[in-house]
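Participant: this one's structure only:
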């Protein structure tokens, strides 16, 4: 079974799909994931730990087309011109 995050409790509310029976491609790109996302529009409410991870929010906004990657990176560079992990980013 596939769950959205390794930190969630393994119960049916968090279950995205059965990748053993259906395969990863069918679950991730097919109906099961889309159905799960539609039934949980505020997915971060399910766990709370995602609220403390801004990169997860950024990825959601990018995926939904609410922001453009270049705009986000440009804004980040203006606000944080130098970071300890600059080479990594």
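Facilitator: Done, it's in. Since the structure is predicted, the reported quantities are computational estimates derived from the model, not experimental observations. Residues are numbered from 1 along each chain as shown.
Participant: Which stretches in the chain count as helices?
Facilitator: Applying DSSP state H to the chain gives helices spanning 19-22, 24-29, 31-39, 44-47, 54-63, 69-79.
Participant: Could I get those in TSV, plus columns for mean pLDDT?
Facilitator: What follows is the helices of the chain, written out as TSV (pLDDT from 0 to 100):
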stretch	mean pLDDT
helix 19-22	85
helix 24-29	80
helix 31-39	78
helix 44-47	61
helix 54-63	76
helix 69-79	85
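Participant: who wins for proximity to residue 1 among those?
Facilitator: Proximity to residue 1 (CB to CB) singles out helix 19-22 among the helices of the chain, at 7.3 Å. From N, CA and C alone the C-beta is placed, and that goes for glycine too.
Participant: Could you pull out the buried residues of the closest one?
Facilitator: Residues of helix 19-22 classed as buried by neighbour count (16 or more other CB atoms under 10 Å): none.
Participant: Please list the outside residues in contact with that helix.
Facilitator: For helix 19-22, the surrounding residues in contact (CB atoms under 8 Å, 6 or more residues apart in numbering) are 1-2, 27, 30, 32.
Participant: Filter those residues down to the buried ones, PyMOL style.
Facilitator: Of these, the buried ones go into a single PyMOL selection, burial set by 16+ other CB under 10 Å:
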select buried, resi 2+27+32
